[in-house]
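S.K.: Here's a sequence, model it:
(2 chains)
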Amino acid sequence: MTQIWNTVLFEPMLNGLLFLYSLLGRNFGLSIIVFTVLVRVLTLPITLKQMRSARASQEIQPKLQELEKKHKDDRQKLADEQMKLYKEAGVNPLGCLVPTLIQLPIWIGLYQSITQILPDNPIRLLSLAQHIYQQFPILSSLLPLNSSFLGLDLGRPSPILAVLVVATMWVQQKMMAAPTTDPQQKAMSQTMELMMPMMFGVIVLQTASGLGLYFVATNVVAIVQQYFIGGWGSLATVFSGLGAAARKARPKGKGNG
Amino acid sequence: MKSYNAKFALMVLLVVVASTLGGCAAAPASPGWSSLLVVEGTLYTGSQAGRVYALNATSGLEIWQYPPASEKTGVGSVYAAPVLLNDTLYIGSLDGYLYALDANTGSQRWAFASSGHIFADAVIADDTLYVCSSDHKVYALDASTGLKRWEFATGNWIWGRPFVAEGKVYVSSLDHRLYCLDADTGRKQWEFEEAGGALAGGPTVAGDLVYCGAFDSKVYALDASSGQVRWKFEAEHWVWASSLVVDDTVYVGSLDKKLYALDAATGVKRWEFMTEGMIRATPAYADGLLYVGTEAGSLHVLDAASGVQKWGFDVDKSILSSPVVAEGIVYVSVFGDTIYALDAETGVQRWNVTPSKRE
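M.R.: Purely as a prediction, here's the structure:
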């Protein structure tokens, strides 16, 4: 199983990153960004499917809530009606789950590649040696990689990147979140939207910042994709809330003076 | 509600995956290898837990440990082999320090701080100690006081031990270069920069040639006075191990799992021996036999002249440091700090011990 994983996913990714590194003037930060964009482009059909599914799911939310009110005492009936509605709207309730699960191995492969490619001790370098394509001598000649990027050492943790990861992930999740009036669902949604970025932020604080750069790059690409498909989503309500708060805070009678 | 449950499940899954990944990455550096020195019935070694041990070479029983057992934490992990001069033992650690210890008691005499991990063995010539560090530098220290005489900076980490010969210090660096320095002043005499990969193992000097392996899978033989390439030999994977030169033959292992015997003057291959695992460490030689360990956890004992295997010994962990042969016993340190003592002629096990697990 490990062998299949390495051959099919991990090693192509690792060596692909090294190829990019040699093409992009031995700039590892740039290689991570370009590689992330390439992976995002390649997985665009899956992402689009996921986003459309999420959007369709959002559109039928009011009808789902109506059904819940209508059949609150009959769970079986509610389930049947919900399935009927999903069918009519052409929505798979797990539609947003499957594409994400498909992308998960890609994320893990990328994660492994980034962490392995910057070995800081002989044991890790020995482990890396087992995965570099020996038929391309240029790849071995690149080691050890130059890990500097915009004043950061991509082999060490960076608080700046951790903050950027939290911010970009929160924005992305906010844009993708389905609007809801149910207080319980809203509370759960908000907890998740905060917990996930914080979790990743903590991880980035403890790992090579090359991984943080990957997370930031992938979040930024996802934000752009989401904007063109669904606009600002729930983030718009945050903007309008902030605008209202700013208007409220403005001193009264300013216009009379 | 179903889609919310699904979303929640996905979030939980992602959090679990993320925490697992984070946990893996945040784990301390992988355990490494420990190296050995055997002198007059005492075996000296370091451990990944950051302790230095002196053991009775006949029985494996502990004589002393540094820091003493009363101190709960050790220093940084120790990859390097200790070196001994008179009654002082010198050993580098991943905490960046080179420690000078009383070889009889294990008490510290002095410590020299570099700015990077010390993976490489130190080398002593006359009264000077040469030590390389991951801070890219090689240091020359007064062996009795630890005071720095000079330092020389290369362009990257130095993981291999230096070699001192005829008033020159030869240092290979992961910056893909090999440097020849004046042993007294540290002034650069020449540098070799034609290697197509990093040089992680230390160079070896024999006669008027310097031998070094590189990550471009080549073994280079250079003129010791000028750095000009006399010959090169290509293996099928990186050459990390330092070369061992016995008489007119160079023995060198590669990550291609083979041990090569090359003509020292011409680089022509005399024989090769295929093993099961990558060869990272230099083989040991005694009485016409070569002792070579592999990453797959096997020790092969070969006839040095023909490359024919005499006997083998398998353990379940990698052998990444050089075996040591003394008084008819071959000592092997395996991943995880276990040391095996085997009869050098037959391979029969005399004892094994994991000093770090004995407390």
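S.K.: Residue of the stretch 151-257 of chain A closest to chain B, please.
M.R.: residue A:203 (3.5 Å; Cβ to the nearest Cβ). In short, each C-beta sits where N, CA and C put it, glycine included.
S.K.: In chain A, where is pLDDT below threshold?
M.R.: Scanning chain A for pLDDT under 70 picks out the ranges A:93-97, A:99, A:178-182, A:185, A:239, A:251-257.
S.K.: just checking, what's the longest helix in it?
M.R.: helix A:183-206 (DSSP state H).
S.K.: Where do the helices of chain A begin and end?
M.R.: Using DSSP H, helices in chain A cover A:2-5, A:11-23, A:28-42, A:44-59, A:61-70, A:75-89, A:97-117, A:122-129, A:137-141, A:159-176, A:183-206, A:209-230, A:235-249.
S.K.: Of those helices, which is nearest residue B:278?
M.R.: Counting by Cβ to Cβ, residue B:278 lies closest to helix A:122-129 out of those; the figure is 7.1 Å.
S.K.: Taking their axis directions, the closest one and helix A:11-23 sit at what angle?
M.R.: 100 degrees (axes from the mean of the first three to the mean of the last three Cα atoms, to 10 degrees).
S.K.: Give me the buried positions along helix A:122-129.
M.R.: A:122-126, A:128-129 (16 or more other Cβ atoms under 10 Å in any protein chain shown).
S.K.: repeat for stretch B:113-132
M.R.: Of the residues in stretch B:113-132, those buried (16+ other Cβ under 10 Å) are B:114, B:117-125, B:128-132.
S.K.: Residue 62 - how many residues pack around it?
M.R.: Using chain A. Counted with other Cβ atoms under 10 Å in any protein chain shown, the neighbours of residue A:62 add up to 12.
S.K.: Please refer instead to chain B.
M.R.: Other residues near residue B:62 number 15, with proximity taken as other Cβ under 10 Å.
S.K.: Provide the backbone phi and psi angles at it.
M.R.: Backbone torsions for residue B:62, taken as degrees, to the nearest 10, come to phi -80, psi 140.
S.K.: Burial check on the residue lying closest to it once chain neighbours are set aside, number of neighbours?
M.R.: Closest residue in space to residue B:62, ignoring its immediate chain neighbours: residue B:55 at 5.7 Å, by Cβ to Cβ, 6 or more residues apart in numbering or on different chains. Applying other Cβ under 10 Å, we find 26 residues neighbouring residue B:55.
S.K.: same thing with residue A:197?
M.R.: 22.
S.K.: repeat for residue A:156
M.R.: Residues near residue A:156, counting by other Cβ under 10 Å: 13.
S.K.: Quickly note the distance from it to residue A:168.
M.R.: Residue A:156 sits 20 Å away from residue A:168, going by Cβ to Cβ, to the nearest Å.
S.K.: got it, and residue B:156?
M.R.: On the measure of Cβ to Cβ, residue B:156 and residue A:168 end up 33 Å apart.
S.K.: quick one, which of the two is more surrounded?
M.R.: More neighbours surround residue A:168 than the other of residue B:156 and residue A:168, with 21 against 18 (other Cβ under 10 Å).
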